[in-house]
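J.: test case, fold it:
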Amino acid sequence: MPRSWRVLVAALLTIVGFLSQHFRYDVKNEFPSYIWQTWKNGPGSSGFEEVKGSAGSWDRRNPGSIHRILSDAEAEELLKDLYNPFPEIIEAYNALPKPVLKADFFRYLILLAKGGIYTDIDTAALKPTSVWIPEEYQNETIGLVVGIEADPDREDWHQWYSRRVQFCQWTIQSKPGHPVLREIIATITHETLRLKAEGKLDDPDLSVIEFTGPALWTDVIFSHLNGPQCPDRRTLPPQVTWKEFTGITSPRMREDVLVLPITSFSPGVGHMGSRPTDDPMAFVRHEFSGSWKEEKK
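T.: Numbers count the residues shown, from 1 in each chain. This next block holds a predicted model:
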């Protein structure tokens, strides 16, 4: 292994190790009742009316949950408190040059520390979160719930999507300390600080999807499913790939991850097997308003 790769692996393992000690993961615990969202200057600020209905749907469907809609400033202060022992993570968060990059990083950071559900402000809850995990899996040890964003069964899929099966990260449910979150936080932190040191963070060719978005998210999930940390690895095929999840119409569990079909978090898109929003498996509707693209005011 080249020295540069040894240094990279050592740096990642160091961050992952410290995070695992600080944010303990116990898959037997219940999912926390938090629902996390962010909106620039908070619910009382300009423009919130555009997303008030969708944001309110989470309260209407889940009256017992603790729903937090944080302003950018509140999110930053919360992360400073939660990650005070990890100055390199705070440095990486502050160094990210675009709101979308910080929004991506925030969802992983808040779920690792506090758990619950993160969902973009332009998503609407179609059903209570209590039905996301079907009855046959209620007694299983599930630590992470993800949905399929894309499953393009066509030869030119790579022209439209980054991965053959791509997991969405506009809505995620997790227990605190989940290993997937540790891994993606360590990766983003290391890469951000490396690019900062090299003066490349403002590179216009930097891919959000690959750097902090669903491509990286998908890769880290598959890495977890294939990694040595999985205690039941011997019961699975030699390699967990996209073929495990393509075309699924009902939830599928692998290790401690429950994968929901494309209809669950991406209903009504009209292709890739996505069913209408009134389908029993349709849980979340994403409005794709692109509010994250706007600069902070």
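J.: in the stretch 151-297 of the chain, where is pLDDT below threshold?
T.: Along the stretch 151-297 of the chain, segments meeting pLDDT under 70 span 228-238, 289-297.
J.: how about the helices in it?
T.: 179-197, 208-211, 214-226, 262-265 (DSSP state H, counting those that start in this stretch).
J.: comparing these, which comes out most buried?
T.: helix 262-265 (a mean of 27; mean count of other Cβ atoms under 10 Å). C-beta here means a position set from N, CA and C on the backbone, and glycine is covered the same way.
J.: circling back to that earlier point, will you turn the helices of the stretch 151-297 of the chain into CSV that also has distance to Glu149?
T.: Below are the helices of the stretch 151-297 of the chain laid out as CSV (distance: least, Cβ to Cβ, whole Å):
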stretch, distance to Glu149
helix 179-197, 16
helix 208-211, 11
helix 214-226, 6
helix 262-265, 7
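J.: nearest to Trp132, out of those helices?
T.: helix 262-265 (7.4 Å; Cβ to Cβ).
J.: show me what the closest one is packed up against.
T.: Counting contacts by 3 or more Cβ pairs under 8 Å, 6 or more residues apart in numbering; DSSP states H and E, helix 262-265 packs against strand 144-150, strand 284-286.
J.: for Ala125, find the nearest of these.
T.: Counting by Cβ to Cβ, Ala125 lies closest to strand 284-286 out of these; the figure is 6.3 Å.
J.: against which helices or strands is that closest one packed?
T.: Using 3+ Cβ pairs under 8 Å, 6+ apart: strand 284-286 touches strand 123-125, helix 262-265.
J.: who does it pair up with?
T.: strand 123-125 (antiparallel) (DSSP bridges).
J.: so, low pLDDT: which residues of the stretch 1-150 of the chain?
T.: Using pLDDT under 70, the stretch 1-150 of the chain drops low at 1-13.
J.: how about the contacts made by the residue most central in space within the chain?
T.: Closest residue to the average C-alpha location of the chain: Gln169 at 3.8 Å, with Cα atoms, centre = their mean. By Cβ atoms under 8 Å, 6 or more residues apart in numbering, the contact list for Gln169 reads Asp104, Arg107, Val146, Gly213, Pro214, Trp217.
J.: ok, the fourth one - how many residues close by?
T.: Other residues within reach of Gly213, judged by other Cβ atoms under 10 Å, total 19.
J.: skipping adjacent residues, who's closest to it in space?
T.: Asp104 (5.7 Å; Cβ to Cβ, 6 or more residues apart in numbering).
J.: with the second one instead?
T.: Once flanking residues are discounted, Arg107 sits nearest to Tyr118: 4.1 Å by Cβ to Cβ, 6+ apart.
J.: residues touching the one you found, list them.
T.: Trp36, Gln37, Arg107, Ile110, Leu111, Thr171, Ile172.
J.: circling back: what would the contacts of Gln169 look like in TSV with distance to Arg194?
T.: Output for those, formatted as TSV (distance: Cβ to Cβ, whole Å):
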residue	distance to Arg194
Asp104	17
Arg107	22
Val146	27
Gly213	18
Pro214	22
Trp217	20
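J.: can you tell me which of those residues is nearest His67?
T.: The closest of the contacts of Gln169, once distances to His67 are taken by Cβ to Cβ, is Arg107, at 15.2 Å.
J.: surely that closest one is within a helix?
T.: Yes: Arg107 sits within a helix when classified using DSSP: H, G, I helix; E, B strand; the rest coil.
J.: since we're on it, how many residues are nearby?
T.: For Arg107, using other Cβ under 10 Å, the count is 25.
J.: isn't it right next to Gln37, touching?
T.: No: the pair Arg107 / Gln37 is not scored as a contact, 9.7 Å apart, by Cβ atoms under 8 Å.
J.: now do the strands in the stretch 1-150 of the chain.
T.: 34-38, 66-70, 116-119, 123-125, 144-150 (DSSP state E, counting those that start in this stretch).
J.: for Leu195, find the nearest of these.
T.: Comparing the strands of the stretch 1-150 of the chain under Cβ to Cβ, the one sitting nearest is strand 34-38, at 23.6 Å.
J.: show me what that closest one is packed up against.
T.: helix 49-61, strand 66-70, helix 99-114, strand 116-119.
J.: before we move on, the earlier item: out of the helices and strands packed on helix 262-265, which is the most enclosed?
T.: Of the helices and strands packed on helix 262-265, strand 144-150 is the most buried (mean count of other Cβ under 10 Å), at a mean of 24.
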